[in-house]
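Asker: need the 3D shape of this:
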Amino acid sequence: MIEVDVTLARPGFRLDVAFSTSAKTLGIFGPSGGGKSTILAIIAGLIRPDRGTIRIDGRTLFDASRGIDVRVDRRRIGMVFQDLRLFPHLTVARNLRYGSGARDGDPDDLIGLLELGPLLDRNVGDLSGGERQRVAIGRALLRRPDLVLLDEPTASLDGRLRAEILDHLERLQDRTGRPMIQVSHRLGDLLQLTEELLVVDGGRVVGQGRYPDLMQDATVLPTLRRRGVVNRLRGRTTEAADVMVISGTAIELVTPSMERDPERNVVLEFDPADVALARHRVEGTSIGNQIEGTVTRWTDDGVGVFVEVRLGADGPTVAAEIGRESLVALDIEAGRRIVCLLKRQAIRIL
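Answerer: I've put the predicted structure just below:
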């Protein structure tokens, strides 16, 4: 259990946040300047708040009223900074050793998991962005921390390297089971890696919970809209280059063509505004995907209506953004059978 209740006042900015979570992976999301990275720095002990408490699994790291402020090196927290803070003149091995002091476990296992073995004798300054990021993650994890904090781990990476780092982080979560808190301005990255979201705006928490629930919260939607709401599904390739299957279902999606071996895992991303709804299947249309589902709930945040639809009988849910006129015309209500229409060109394959 991670418990944070702190206040920090600085000229022109005030952070006042309180949250607790037992999730193994928590994502902190919100606009730039909202306080996301400051929260990580406070938990790590790099910034001292004016008041409050921080506890991890019942262990008090900070309590202003009791005069407790555990030193950074004794908090048992690993942190991956946005600027990495590696030593470019040192080899990968020496950078990793700088962060070690390992408690339990096999460092070779972690090095293998991050595919750092072939890089150990190379200088960090000669590595690619993705390779440097893996070194920074390895250095943080080699201490076997009780908690790992990641500040924008994919911010400076392009699509291919970003996907590579996300894949490595996902494998690390599965293998190590260590709690992680990740900050990102990319909502899609957080949806791939975290169970729960903490939405922060203007130095305060505006919402916490599972993403589908937050999308149905009219008080949180304005913040989500400012950074771009998105649908994200796991899928797998088929023999056809332009057909993907949604994981855990038999539902097929026609997508942009891509050359990958069949039965490979992929991530499919598309915007709620690109999902149209109809009461029945539509004949004579160029839209390649028409998927039957059931409305589970909807919300109106004053700008538009977000309708949550469960695909098939027991598939994943997606969100469709429609106008109020369509809400009335389609007689949208929970339990209503509906057809989701999605153009193939609207789907992004990651």
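Asker: by mean pLDDT, which helix or strand of the protein comes out lowest?
Answerer: Ranking every helix and strand in the chain by mean pLDDT, DSSP states H and E puts helix 107-113 at the bottom, with a mean of 75.
Asker: next SSE after that one?
Answerer: Elements were assigned by DSSP states H and E; along the chain past helix 107-113, the next helix or strand is helix 129-141.
Asker: show me this structure divided up by domain.
Answerer: The record, using automatic domain parsing to delimit domains, assigns the chain the ranges 2-227, 231-349.
Asker: tally of neighbours for residue 13?
Answerer: Look at residue 13: counted by other CB atoms under 10 Å, it has 13 neighbours. Any C-beta I mention is one placed from the backbone N, CA and C, and that applies to glycine too.
Asker: quick check: longest strand of this protein.
Answerer: In the chain, assigned by DSSP state E, the strand with the most residues is strand 289-300.
Asker: what packs against that strand?
Answerer: Applying 3 or more CB pairs under 8 Å, 6 or more residues apart in numbering; DSSP states H and E, we find strand 289-300 packed against strand 252-254, strand 305-311, helix 324-329, strand 337-342.
Asker: 7 Å - rerun?
Answerer: Contacts of strand 289-300 with other secondary structure elements, assessed using 3 or more CB pairs under 7 Å, 6 or more residues apart in numbering; DSSP states H and E, are made with strand 305-311, strand 337-342.
Asker: quick one: strands adjacent to the very next helix or strand once past the shortest one?
Answerer: In other words, strand 337-342. Tracing the chain C-terminally past strand 337-342 and defining elements by DSSP H and E, one meets strand 348-349 next. In the sheet containing strand 348-349, its partner strands are strand 265-270 (antiparallel), by DSSP bridges.
Asker: in CSV, could you pull the C-alpha coordinates for the helix or strand that the strand it pairs with is followed by?
Answerer: Using DSSP H and E, the next helix or strand after strand 265-270 towards the C-terminus is strand 275-278. Only the C-alpha atoms of strand 275-278 are listed here, as CSV (Å, rounded to 0.1, in the frame of the first residue of the first chain):
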residue,chain,number,x,y,z
VAL,A,275,-16.1,5.3,-33.4
ALA,A,276,-19.6,5.8,-34.9
LEU,A,277,-22.7,4.1,-33.6
ALA,A,278,-25.7,2.6,-35.3
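Asker: counting neighbours, which bits of strand 275-278 end up buried?
Answerer: Of the residues in strand 275-278, 275, 276, 277 count as buried by neighbour count, 16 or more other CB atoms under 10 Å.
Asker: cool, stretch 32-49 as well?
Answerer: Counting neighbours by 16+ other CB under 10 Å, one finds that the buried residues in stretch 32-49 are 34-45, 47, 49.
Asker: measure residue 42 to residue 230 for me?
Answerer: As defined by CB to CB, to the nearest Å, residue 42 lies at a distance of 29 Å from residue 230.
Asker: poorly predicted segments of the stretch 1-150 of the chain, please.
Answerer: Across the stretch 1-150 of the chain, residues meeting the criterion (pLDDT under 70) sit at 99-107.
Asker: longest helix in the protein, please.
Answerer: Using DSSP state H to assign secondary structure, the helix with the most residues in the chain is helix 159-176.
Asker: what's the average pLDDT for the next helix-or-strand element following that one?
Answerer: Where DSSP H and E defines the elements, the next helix or strand beyond helix 159-176 is strand 180-183. The average pLDDT for strand 180-183 rounds to 94.
Asker: right, and the helix or strand after strand 180-183?
Answerer: Once the chain leaves strand 180-183, the following helix or strand, as judged by DSSP H and E, is helix 187-193.
Asker: elements contacting that following helix?
Answerer: Using 3+ CB pairs under 7 Å, 6+ apart as the test, helix 187-193 ends up in contact with strand 25-29, helix 159-176, strand 231-237.
Asker: center of this structure - which residue?
Answerer: Averaging the C-alpha coordinates of the chain gives a centre point, and the residue nearest to it by CA atoms, centre = their mean is residue 190 (0.6 Å).
Asker: so what's that residue closest to, chain neighbours aside?
Answerer: If the residues on either side of it in the chain are set aside, residue 190 comes closest to residue 27, at 3.4 Å by CB to CB, 6 or more residues apart in numbering.
Asker: try residue 180
Answerer: Spatially, and ignoring its direct neighbours in sequence, residue 180 is nearest to residue 148 (4.6 Å; CB to CB, 6+ apart).
Asker: show me the contacts for the one you found.
Answerer: By CB atoms under 7 Å, 6 or more residues apart in numbering, residue 148 lies in contact with 78, 140, 141, 178, 180.
Asker: how about stretch 286-294: buried residues?
Answerer: The neighbour-count check on stretch 286-294 (16+ other CB under 10 Å) flags 288, 289, 290, 291, 293, 294 as buried.
Asker: what's the distance between the nearest residue to residue 309 once chain neighbours are set aside and residue 318?
Answerer: Residue nearest to residue 309 in three dimensions, not counting chain neighbours: residue 293, with 4.3 Å by CB to CB, 6+ apart. Residue 293 is 8 Å from residue 318, where distance means CB to CB.
Asker: neighbours of residue 162, how many?
Answerer: Applying other CB under 10 Å, I find that residue 162 has 21 neighbouring residues.
Asker: now the closest residue to it other than its chain neighbours. Its backbone dihedrals?
Answerer: If the residues on either side of it in the chain are set aside, residue 162 comes closest to residue 154, at 4.4 Å by CB to CB, 6+ apart. Main-chain torsions, residue 154, degrees, to the nearest 10: phi -120, psi 10.
Asker: wait, residue 154 touches residue 163, no?
Answerer: No: with contact defined as CB atoms under 7 Å, residue 154 does not reach residue 163; the gap is 8.8 Å.
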